[in-house]
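Asks: here is my input; please provide its structure:
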Amino acid sequence: MLPVALDAMGGDNAPGAIVEGAHRAVAELGVGITLVGRPEALADLKGDLEVFAASQVIAMDADPASSVRTMKDSSLVRSAELVRDGAASAMVSAGNTGATMASALLRMGRIKGVARPAIATPIPVFGSTPTILLDAGANSECQPQWLVQFAQMGAVYARERYGIVEPRVGLLSIGEEKSKGSPLVKETHELLAADNALAGAGAKFIGNVEGRDLMTPEVDVVVTDGFTGNVALKTLEGGMKAIATAIFGALGGLEGADDAVGALLPLYAEVDPDNHGGAMLLGVNGVCIISHGSSSATAVVNAVRVARDLVEAGLVDHLRAVVASG
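Replies: Alright, predicted model coming up:
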């Protein structure tokens with residue numbers, strides 16, 4: 001397998017935590033890593049890892065589109081080009097999400113027939129496989145046909161990443177009844193309910209689902225527009241963090257607190273984003289993993305693991321086949 005191109009300059013903890021994660025990934029996973037970034041910033045960190053020089057860094061708060069157009073020697077753009085040129089099997093970045101998406105789209109290109117790429121994010125479910133939420137922020141405004149395609153791609157992703165034989169697809173709405181929701185949701189529901197809508201993806205449409213269903217084992221893939229999906233994702237992240245902080249804070253100083261905390265840690269690990277390896281940009285001609293901005297070394301290891309697994313599974317080829325079949 002070709003090495004994974006790792007944006008060494010992207011993320012709040014770059015380059016230290018990123019490079020540490022790269023070394024761990026090589027040792028634990030047996031994959032090759034190419035660090036992409038400023039050689040002078042990586043000289044004391046890289047060890048035996050290969051460095052592909054990129055002189056520019058796109059800031060976390062930079063405008064994605066203009067940055068990718070003007071900063072052609074940025075670590076993000078060069079990572080995407082390595083995949084495009086067949087020098088890397090996948091790209092991983094914890095940097096600017098919009099710029100990561102734009103770099104992958106502009107340099108790798110779309111899979112033929114894909115209307116819009118979508119960000120597929122795993123939502124943790126206690127004791128079960130995660131729920132795939134897409135779009136989680138790539139397209140703030142969508143058309144019904146795009147959401148149908150998101151459902152098809154999300155089903156393939158759920159099957160290849162989590163081994164779900166017949167993924168159950170739900171449409172995010174404000175009620176389970178097909179009459180509920182915005183005009184976009186209603187029209188999408190009608191399209192997804194058609195007999196052949198998800199047949200090529202080997203999936204089953206189960207109708208509308210609500211926000212409360214995202215962290216339950218009742219659905220495998222939840223489809224929505226990128227604006228709604230991103231709001232839902234950030235609400236869940238904030239809610240889980242607030243609850244965890246409150247619980248651990250309330251236990252502090254209580255008798256038996258150490259035992260209680262020890263019992264809760266495995267549950268916390270299930271929802272810790274560092275353990276889920278990031279999101280994937282579905283619909284581009286290559287594997288692109290978007291890790292969260294505050295990624296630790298552990299998060300980098302898991303993101304590289306996901307990239308490796310999806311490359312080995314031939315995910316992009318499977319997506320290409322499903323999109324071609326309509």
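
Asks: looks to me like Arg305 is in a strand.
Replies: No - per DSSP: H, G, I helix; E, B strand; the rest coil, Arg305 lies outside any strand segment and is helix.

Asks: that one touches Gly277, doesn't it?
Replies: Yes - counting by CB atoms under 8 Å, Arg305 does reach Gly277; the two are 6.0 Å apart. (Glycine included, C-beta is placed from N, CA and C.)

Asks: more crowded one of these two?
Replies: Gly277 (25 against 17; other CB atoms under 10 Å).

Asks: so who does Lys186 touch?
Replies: Lys186 is in contact with 178-179, counting by CB atoms under 8 Å, 6 or more residues apart in numbering.

Asks: check which helix or strand covers it.
Replies: helix 183-192 (DSSP states H and E).

Asks: swap in Ile132?
Replies: Here Ile132, judged by DSSP H and E, is contained in strand 131-134.

Asks: beyond the helix holding Lys186, next helix or strand please.
Replies: Defined by DSSP H and E, the subsequent element after helix 183-192 is strand 204-209.

Asks: got the angle for that following strand vs helix 183-192?
Replies: Here strand 204-209 runs at an angle of 160 degrees relative to helix 183-192 (axes from the mean of the first three to the mean of the last three CA atoms, to 10 degrees).

Asks: what's the offset of strand 204-209 from the middle of its chain?
Replies: Put simply, strand 204-209 sits 22 Å off its chain's centre (CA atoms, centre = their mean, to the nearest Å).

Asks: any idea how far the next helix or strand after it is from the middle of the chain?
Replies: Downstream of strand 204-209, the next assigned helix or strand under DSSP H and E is strand 221-223. Centroid separation between strand 221-223 and its chain, computed with CA atoms, centre = their mean, is 13 Å.

Asks: elements contacting the helix or strand following strand 221-223?
Replies: Scanning forward in sequence from strand 221-223 by DSSP H and E, the next helix or strand is helix 226-251. Counting contacts by 3 or more CB pairs under 8 Å, 6 or more residues apart in numbering; DSSP states H and E, helix 226-251 packs against strand 118-123, strand 131-134, strand 168-172, helix 257-271.

Asks: and the first one, which strands flank it?
Replies: Pointing back at strand 118-123 there. Using DSSP bridges, strand 118-123 pairs in its sheet with strand 131-134 (antiparallel), strand 279-282 (antiparallel).

Asks: can I get these in CSV including distance to Val223 and mean pLDDT?
Replies: As requested, the strands paired with strand 118-123 are exported to CSV (distance: least, CB to CB, whole Å; pLDDT from 0 to 100):
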stretch, distance to Val223, mean pLDDT
strand 131-134, 6, 96
strand 279-282, 12, 96
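
Asks: and of those strands, who's closest to Ala90?
Replies: For Ala90, the closest of those is strand 279-282, at 9.5 Å, according to CB to CB.

Asks: and Glu160, how many residues sit next to it?
Replies: Neighbour count for Glu160, taken as other CB under 10 Å: 17.

Asks: verify the stated contact: it with His318.
Replies: Yes - counting by CB under 8 Å, His318 is a contact partner of Glu160 at 6.2 Å.

Asks: residue contacts, His189?
Replies: 171, 173, 178, 181, 207-208.

Asks: can you check Ala313 too?
Replies: Counting by CB under 8 Å, 6+ apart, Ala313 touches 160-161.

Asks: now do stretch 32-44: distance from first to last residue.
Replies: 19 Å (CA to CA, to the nearest Å).

Asks: could you do stretch 211-229 as well?
Replies: Taking CA to CA as the measure, stretch 211-229 stretches 10 Å from start to finish.

Asks: ok, Asp12 to Ala59 distance?
Replies: Distance, Asp12 to Ala59, using CB to CB, to the nearest Å: 11 Å.

Asks: list residues touching both of the two?
Replies: Joint contacts of Asp12 and Ala59 (CB under 8 Å, 6+ apart) do not exist.

Asks: the closest residue to Asn302 other than its chain neighbours: what secondary structure?
Replies: Nearest residue to Asn302, sequence neighbours excluded (CB to CB, 6 or more residues apart in numbering): Gly277, at 3.8 Å. Three-state call for Gly277 (three-state DSSP): coil.

Asks: Gly277 contacts Ser295, correct?
Replies: No - counting by CB under 8 Å, Gly277 does not reach Ser295; the two are 9.9 Å apart.

Asks: which residues do those two both contact?
Replies: In contact with both Gly277 and Ser295: Ala303, using CB under 8 Å, 6+ apart.

Asks: does Asp61 belong to a helix, a strand or coil?
Replies: coil.

Asks: ok, the closest residue to it other than its chain neighbours - contacts?
Replies: Once flanking residues are discounted, Asp61 sits nearest to Asn96: 7.7 Å by CB to CB, 6+ apart. Asn96 is in contact with 10, 58-62, 64, 67, 76, counting by CB under 8 Å, 6+ apart.
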